[in-house]
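Peer 1: predicted model and sequence follow; I will ask about them next.
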Amino acid sequence: MQAQPLAIPEVVLFTPKVFGDERGFFFESFSERAFQEATGLSVAFVQDNHSKSSYGVLRGLHYQLAPKAQGKLVRVVQGAVFDVAVDIRRSSPTFGQWVGALLSADNKQQLWVPPGFAHGFVTLSDTAEFLYKTTDFYSPEHERCILWDDPQIGVDWHFADQPTLSAKDRLGIPLCNAEVFA
Ligand SMILES: Cc1cn([C@H]2C[C@H](O)[C@@H](COP(=O)(O)OP(=O)(O)O[C@H]3O[C@H](C)C(=O)[C@H](O)[C@H]3O)O2)c(=O)[nH]c1=O
């Protein structure tokens with residue numbers, strides 16, 4: 001498993017070692033040892049999630065407030081998405097900045113989105129199946145949504161069409177008005 005910190009170094013892009021043969025392929029999709037070596041963190045993942053989205057669906061920018069903040073280790077097992085993490089820690093030198101990566105069934109890459117970041121993705125293929133591990137349980141009362149196209153953040157979603165959003169995401173709030181992290 002190779003690990004590459006992105007421009008915001010707390011966000012790490014993992015590339016697994018894939019073993020291909022005439023039958024197909026095998027790779028370790030998660031190794032606590034590799035994760036700890038790469039991030040220096042010892043985290044307990046308590047929940048696995050799986051969502052399927054059609055082309056143009058954008059889910060985000062979501063996060064849970066403390067004390068239910070979630071770290072997320074995300075990957076795509078069918079199709080492709082552009083995945084985005086936004087630093088929403090007010091004390092961070094990269095507050096309000098974003099990083100992203102193309103995650104796909106083909107590249108098998110995974111993104112570690114730490115607690116303190118908002119997360120979202122837009123679906124670039126006809127459909128995409130998105131799997132991720134979280135470091136805390138779902139807590140609707142702690143869930144918040146920042147506007148996906150907040151000009152203060154300026155995410156380049158690598159997507160030229162108008163995305164399909166849930167009613168909740170259409171009501172996302174600007175970062176300047178959002179409850180975030182210290
Ligand atoms: C997130 C979640 C949702 N749900 C239920 C609540 C709703 O009835 C239904 C769909 O939820 P929602 O529309 O919030 O799903 P997404 O828009 O995919 O939300 C996720 O999208 C972005 C990309 C994230 O990073 C978060 O993990 C999460 O906010 O699943 C659960 O039962 N457990 C859960 O952990």
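Peer 2: Everything's here; your move.
Peer 1: tell me which residues touch the residue nearest to Lys72 when sequence neighbours are not counted, please.
Peer 2: Take Lys72 and drop its neighbours on the chain: the residue closest to it by CB to CB, 6 or more residues apart in numbering is Val113, 4.5 Å away. C-betas here are computed from N, CA, C, even on glycine. By CB atoms under 8 Å, 6 or more residues apart in numbering, the contact list for Val113 reads 11, 71-74, 85, 119.
Peer 1: go again using 6 Å as the cut-off
Peer 2: Contacts for Val113 (CB atoms under 6 Å, 6 or more residues apart in numbering) come out as 72, 85, 119.
Peer 1: against Asp136, how distant is it?
Peer 2: Counting by CB to CB, to the nearest Å, the separation of Val113 from Asp136 is 13 Å.
Peer 1: how near is the closest residue to Ala66 other than its chain neighbours to Asp126?
Peer 2: Sequence neighbours aside, Phe181 is the residue nearest to Ala66 in space, at 6.6 Å (criterion: CB to CB, 6+ apart). Separation of Phe181 from Asp126 (CB to CB): 36 Å.
Peer 1: now do Asn177
Peer 2: With CB to CB as the criterion, Asn177 and Asp126 are 35 Å apart.
Peer 1: repeat for Ser104
Peer 2: 13 Å.
Peer 1: cool, Lys68 as well?
Peer 2: For Lys68 relative to Asp126 (CB to CB), the value is 34 Å.
Peer 1: the more surrounded of Ser104 and Asp126?
Peer 2: Ser104 (20 against 11; other CB atoms under 10 Å).
Peer 1: per-residue confidence at the more buried one?
Peer 2: With respect to pLDDT, Ser104 has a value of 98.
Peer 1: residue contacts, it?
Peer 2: For Ser104, the contacting residues are 76, 80, by CB under 6 Å, 6+ apart.
Peer 1: and if we set it to 10 Å?
Peer 2: When the contact criterion is CB atoms under 10 Å, 6 or more residues apart in numbering, the partners of Ser104 are 75-83, 124-125, 128.
Peer 1: mind checking which of these are buried?
Peer 2: Buried members of the contacts of Ser104, scored by 16 or more other CB atoms under 10 Å, are 75-76, 79-83, 124-125, 128.
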